[in-house]
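Colleague: please find the sequence and the predicted model below.
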Amino acid sequence: QQQVKQSPQSLIVQKGGISIINCAYENTAFDYFPWYQQFPGKGPALLIAIRPDVSEKKEGRFTISFNKSAKQFSLHIMDSQPGDSATYFCAAGTSGSRLTFGEGTQLTVNP
Amino acid sequence: DGGITQSPKYLFRKEGQNVTLSCEQNLNHDAMYWYRQDPGQGLRLIYYSQIVNDFQKGDIAEGYSVSREKKESFPLTVTSAQKNPTAFYLCASSIRGQDTQYFGPGTRLTVL
């Protein structure tokens, strides 16, 4: 199975709040889990990525939590800002090979 | 500046016409990818190429064709056989064997 399921489809958060986006995968061979951020009319850009040998990775306000047994991973955006308003995609793949993307989450951070 | 360029940014074509989307990279990356993006459906892989003169079908290759004659170029042709070609098309590249994919700015194709 190659699917990656992402939720929610859209998310509205107040400035300073925590944004949480979840993804679930089926293929246990996946060993690379990136998150991409996309602004309207632009190409996606890598935000943060994790491998299954760790359960959490933090870069600034962005944290990935990874649960290998549940085959789930999530993105947490702390202290969300209006500039974080964008579409976020999770993805999964095996090293050096193709990625499978989730359906995307449109995040709106209200001032 | 190193990066991926896609041209044109907007493209309009009449139904039944083939159209070719350009993707060029000067990152010296071996692997290149084409994705299609539709609202609510994420990014779907059309074709990818790990080395020059070799490419593989992705999940939605029907109605599309590609070539990889040069390392830095991976053009995508949307043929008249593609039933619903209006979409945002994204090209990406990566170092072969590494996972991070870098995306271009995209081409929005509208078929009238």
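Modeller: Thanks, I have the structure now. Numbers count the residues shown, from 1 in each chain, chains lettered A, B, ... in the order given.
Colleague: partners of A:Ile77 in the sheet?
Modeller: Applying DSSP bridges to A:Ile77 gives these bridge partners: A:Ser19, A:Phe62.
Colleague: these two touch, right, it and A:Arg61?
Modeller: Yes: counting by CB atoms under 8 Å, A:Arg61 is a contact partner of A:Ile77 at 5.9 Å. In short, each C-beta sits where N, CA and C put it, glycine included.
Colleague: measure A:His76 to A:Phe39 for me?
Modeller: The gap separating A:His76 from A:Phe39 is 20 Å, by CB to CB, to the nearest Å.
Colleague: which of the two has more neighbours?
Modeller: A:His76 (16 against 12; other CB atoms under 10 Å in any protein chain shown).
Colleague: okay, the nearest residue to A:Cys90 once chain neighbours are set aside: pLDDT?
Modeller: Distances taken as CB to CB, 6 or more residues apart in numbering or on different chains put A:Cys23 closest to A:Cys90, at 3.7 Å, once the chain neighbours are dropped. At A:Cys23, the model reports a pLDDT of 98.
Colleague: check contacts around A:Cys23.
Modeller: A:4-7, A:33, A:72-74, A:90, A:92, A:102 (CB atoms under 8 Å, 6 or more residues apart in numbering or on different chains).
Colleague: what's around the residue in chain B that chain A sits nearest to, how many residues?
Modeller: Closest to chain A within chain B is B:Phe103: 3.4 Å, counting by CB to the nearest CB. For B:Phe103, the tally of surrounding residues (other CB under 10 Å) stands at 22.
Colleague: how about the contacts made by the residue nearest to it when sequence neighbours are not counted?
Modeller: Excluding the flanking residues, the one nearest B:Phe103 by CB to CB, 6+ apart is A:Gly43, at 3.4 Å. When contacts are counted by CB under 8 Å, 6+ apart, A:Gly43 is found next to B:4, B:90, B:92, B:103-106.
Colleague: you'd agree A:Gly43 is in a strand?
Modeller: No: assigned with DSSP: H, G, I helix; E, B strand; the rest coil, A:Gly43 falls outside any strand and is coil.
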